[in-house]
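Enquirer: show me how the following folds:
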Amino acid sequence: MNELVLLNTAKVNLDHNWNYKNVISPFYRLYYIREGKAEVTFDNKVRTMREGYMYLIPSFTISNYSCDSFFIQQYVHIEEVLKSQASLKQRNTLFFEVKVTNLEMALFNRLLVLNPDKALMNWNPKAAVDLTMNVMQTQSLESGIMETSGIILQLMSRFVNTEIGSVRTEIAGINKMSEVLLFIHENYDSDLSVRKLASIVHHNEDYFSRLFLKFIGVRPLVYINRVRIERAQHLLLFSDLSINEIGYKVGFENRTYFSKIFKKLSGKSATAYRLESNQV
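Expert: Below you'll find the model as predicted:
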């Protein structure tokens, strides 16, 4: 199981100055709207964040944030540390909005008590990106970390569509497909083909491709490219490697093809992606 690590959390009062565009984060953003409302835009949809609800914005999602007047939010930034398996958002269908119950209220409040030093000095969502690595490196080993981890798991579990998940786990052969996903995430930088993946579960290419589409929702090569591009996004944010080096490092031997796929999946070129991030 991948590890979910708390990066930041605090309760803040915000107003019309909370207005930011093209925010890209390598971590999940969890917002609990305690009072008022605001808007977030991603996947070409404008979504209202309302009082009494919590909201999840997946990692590596280009998003815009705005508020017309005033609202009170508690933000929780969560890093998913991959441990040789697909990410939470790749293995599940995630809800965007969840109603906060008395239990979640207590959990959010407890997070603040356990982590009084995890507030951001800058409320700009873009500024948080630069702090990710520093926060992870300075995590203490106090007993409160264990309780914090449990709370994060409980909160994040509310966004997993358990109905879809339970149906998937009941389908014969899902364990074999999980084996394929694990292989992809461990070898995304190597030469992967449908034939090679099909051989893992002893199927012919056509049947395997249809089975993969049924369980995962996309064809194998599309999924491989998504994994590669997400890794490339991370390297663009946190490394000094050239774009050519990054493309090669994540499994693309052809620069032109890497550029084409990156723009198709990210909505912008790798160069533009890095430049916009560096303007933070």
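Enquirer: confidence score at Thr162?
Expert: Confidence at Thr162, expressed as pLDDT, is 63.
Enquirer: now Val98: which helix or strand?
Expert: Using DSSP states H and E, Val98 maps to strand 97-99.
Enquirer: other SSEs contacting the following helix or strand past that strand?
Expert: Downstream of strand 97-99, the first helix or strand assigned by DSSP H and E is helix 102-114. Under the contact definition 3 or more CB pairs under 8 Å, 6 or more residues apart in numbering; DSSP states H and E, helix 102-114 sits against strand 3-15, strand 70-81, helix 144-157. Backbone N, C-alpha and C define where each C-beta goes, glycine included.
Enquirer: repeat that for 10 Å
Expert: Counting contacts by 3 or more CB pairs under 10 Å, 6 or more residues apart in numbering; DSSP states H and E, helix 102-114 packs against strand 3-15, strand 28-36, strand 53-57, strand 70-81, helix 144-157.
Enquirer: buried sites along that helix?
Expert: Glu104, Leu107, Phe108, Leu111, Leu114 (16 or more other CB atoms under 10 Å).
Enquirer: repeat for stretch 12-28
Expert: Leu14, Trp18, Tyr20, Val23, Ile24, Ser25, Pro26, Phe27, Tyr28.
Enquirer: pull the most distant pair out of the residues you listed.
Expert: Leu14 and Pro26 (22.7 Å; CB to CB).
Enquirer: tell me where the chain has helices.
Expert: Ranges of helices in the chain, per DSSP state H, are 88-91, 102-114, 127-137, 144-157, 162-170, 174-187, 194-200, 205-216, 220-238, 243-249, 255-266, 270-278.
Enquirer: and the closest residue to Glu39 other than its chain neighbours, how many residues sit next to it?
Expert: Excluding the flanking residues, the one nearest Glu39 by CB to CB, 6 or more residues apart in numbering is Ser66, at 5.0 Å. Look at Ser66: counted by other CB atoms under 10 Å, it has 14 neighbours.
Enquirer: go ahead and confirm Ser66 touches Asp15.
Expert: No. Contact criterion CB atoms under 10 Å: Ser66 and Asp15 do not qualify, at 11.1 Å.
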